[in-house]
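[1] Pasting the sequence and the predicted coordinates here, then a few questions.
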Amino acid sequence: MIDESTFPDPTYKKTVLAPLFDGVKSHYVDHFTSINKAHLVMLAETEILSRDQACRIAKALHQIGQDTDIASLQYTGEHEDYFFVVEAALRDKLEDLGGMLHTGRSRNDMDHTIFKLALRNHTAMMLAQIETLTSALLDKAEVEAETLIVAYTHGQPAQPTTFGHYLAAMIEVLIRDTIRLNAAAENLEHCPMGAAAITTSGFPLDRQRMAGLLGFEEPLLNSYGCIASVDYITGLYSAMKLMFVHLGRVVQDMGVWSSFEVGQLYVPNSLVQISSIMPQKRNPVPIEHMRHLASVTVGRCDMLVNTMHNTPFTDMNDSEGEVQQSGYAAFHSGGRVLELLTSFLPACSINQDNVKRNTDAACITITELADTLVRNEGLSFRQAHEIAAATARAVIKSGMPLGSGFSHCQAAFQSETGRTLAMTEDQFATTTSAQNFVAVRNLPGGPAPEALSNALTIYRSKLQQLSTGRAVRTHRHTDAVSELDAAFNSLLES
């Protein structure tokens, strides 16, 4: 037997409609209010509504805002969300005039405008956090420009570089990630209002004015795309995902570097937890939290993008309501990573004793010995490589640092070339030192002080450009609030 009970079905109410109603209360009331005000101002300016009609609606909207206790609103089935609460209240106060505010618009263009307004705020906050992190890393890289570390490839000690050089690589990726996120933020600056349901309206709406009053750069042109396109969602969360994939790799290095066996990174006591049973242990637990929060953020971004997969190119709930709200958790977890990393990395230091120990034990300056033999002894790199390899094997077997292995190098050179090595013992010690290894690598992008200083200057300039772009958007948003308030207040005061 078919159940013809009154809408809404209790289960549908509990599982869908009530949560949606609560979500609108939590995230969108202010944006609904801004759109109502802007649309009313535009209707008055285009004379779709008379000045008197607009003034009466403005006064009613203002009174409804003062009289409504948002927190106490509960979904009863009578009103789907705050939009319908306000529309019903307008009709109660103004009768048919109350319904004229909705002239030329739809919940479709309103919804996607609201979602963009919310994402705009979240994205601006995250970009500010990223700028703060990047600036802190730049400062740290300058301080650590000559601090030697062991660089690893394939999990093994490879070559010496500096902590500043490592951080510069991180900064460079972070800037590229910021550029991607900044581009996604720019895509949020196109306003859907005026698209109405999907094909615009027969009323002479001023879409440019509407966009300006809400702080958008311009209208999103194609009205079908205003409603059906979700690339503002997929582009944003894809850019976010990449950032936390990349930051997670750096965090993983911090875990390896701070291990007892490597011991290259010293994490201060303020960021270390002690075992409840093993008092000798220093557990750099924030690393684990940053790692899992970065992974959680990546997963949440994937969820948003995957939800859009194989959906129809039209209006759909898959891109609205709860889906949008679930994405805000990615900003929350990602923001925690950025904030913690901003405090963590600048507070850490490099244990130079352990760096020297690992440098000596692994012969990581041996490449420069081979390079020097090529430059000074007229050898091919393959000959020099064989001599350097034999020297490394001998010193590792003897348990001595490479800098003490001059006699082994002499023997290997004699065996390979049949002549005496011209290099002196002092020259050999200098050649195989980590300081010399770094100093001679002064090509653009290298770890030598001059090369690194030049790179950091470039990064600061790029960061400033990105910060300026964000500031332009922020000022536009702020100025629009003032302009909208002034235009709406002029209706209230008439």
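    Happy to help now that I have it.
[2] Please spell out which residues along stretch 419-435 are buried.
    Within stretch 419-435, the residues that qualify as buried by neighbour count (16 or more other C-beta atoms under 10 Å) are 421, 423, 428-434. C-beta here means a position set from N, CA and C on the backbone, and glycine is covered the same way.
[3] same check, this time on stretch 370-390
    Buried residues in stretch 370-390 (16+ other C-beta under 10 Å): 370-374, 377, 379, 383-388, 390.
[4] same thing with stretch 304-321?
    By neighbour count on 16+ other C-beta under 10 Å, the buried set for stretch 304-321 is 304-305, 307-308, 315, 319-321.
[5] okay if I get those residues as TSV plus distance to residue 253 and pLDDT?
    Formatted as TSV, the buried residues of stretch 304-321 follow (distance: C-beta to C-beta, whole Å; pLDDT from 0 to 100):
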residue	distance to residue 253	pLDDT
304	28	97
305	27	97
307	32	96
308	33	96
315	45	94
319	37	94
320	40	92
321	40	88
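[6] Nearest to residue 491 among the buried residues of stretch 370-390?
    Distance to residue 491 across the buried residues of stretch 370-390 (C-beta to C-beta) is lowest for residue 371, with 75.9 Å.
[7] Which of the helices or strands spans that closest one?
    helix 366-377 (DSSP states H and E).
[8] Who are the packing partners of that helix?
    helix 381-398, helix 406-417, helix 425-431, helix 434-439 (3 or more C-beta pairs under 8 Å, 6 or more residues apart in numbering; DSSP states H and E).
[9] Look at residue 79 and give its secondary structure.
    Under DSSP: H, G, I helix; E, B strand; the rest coil, the three-state class of residue 79 is coil.
[10] ok now do the closest residue to it other than its chain neighbours, which residues does it touch?
    Nearest non-adjacent residue to residue 79, counting by C-beta to C-beta, 6 or more residues apart in numbering: residue 85, 4.7 Å away. By C-beta atoms under 8 Å, 6 or more residues apart in numbering, residue 85 lies in contact with 68, 73, 79.
[11] same question, residue 149
    Taking C-beta under 8 Å, 6+ apart as the test, what residue 149 contacts is 160-163, 166, 264, 350, 355.
[12] Would you show me how to pick out the buried ones of these in PyMOL?
    Remark: buried members of these, expressed as a PyMOL selection using 16+ other C-beta under 10 Å:
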select buried, resi 160+161+162+163+166+264+350+355
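[13] low-scoring stretches of the protein, by residue?
    For the chain, the stretches with pLDDT under 70 are 1-5.
[14] can you map out the strands along the protein?
    148-153, 156-162, 190-191, 218-219, 265-266, 273-274, 282-283, 349-350 (DSSP state E).
[15] Need the winner for burial among these.
    Stretch with highest mean neighbour count among the strands of the chain: strand 190-191 (a mean of 23; mean count of other C-beta atoms under 10 Å).
[16] Does anything pack onto the lengthiest helix in the chain? Which helices or strands?
    Scanning the chain for the longest helix, with DSSP state H as the assignment, gives helix 449-492. Applying 3+ C-beta pairs under 8 Å, 6+ apart, one finds that helix 449-492 contacts helix 29-45, helix 51-67, helix 107-143, helix 163-187, helix 207-213.
[17] Does residue 178 touch residue 130 like I think?
    Yes: Residue 178 sits in contact with residue 130 when judged by C-beta atoms under 8 Å, with a separation of 5.4 Å.
[18] what is the orientation angle of the helix holding residue 371 with helix 381-398?
    Counting by axes from the mean of the first three to the mean of the last three C-alpha atoms, to 10 degrees, helix 366-377 lies at 130 degrees to helix 381-398.
[19] Could you check how far the residue nearest to residue 92 when sequence neighbours are not counted is from residue 64?
    The shortest distance from residue 92 to any non-neighbouring residue, by C-beta to C-beta, 6+ apart, is to residue 98 (7.3 Å). Between residue 98 and residue 64 the computed distance is 10 Å (C-beta to C-beta, to the nearest Å).
[20] list residues touching both of these two?
    89-90.
[21] What values do phi and psi take at residue 205?
    phi -70, psi 150 (degrees, to the nearest 10).
[22] List the contacts of it.
    Contacts of residue 205 (C-beta under 8 Å, 6+ apart): 42, 46, 48, 104, 194.
[23] For residue 11, find the nearest of the helices and strands packed on helix 366-377.
    Smallest distance to residue 11 across these (C-beta to C-beta): 67.1 Å, for helix 434-439.
[24] Cool, thanks, signing off.
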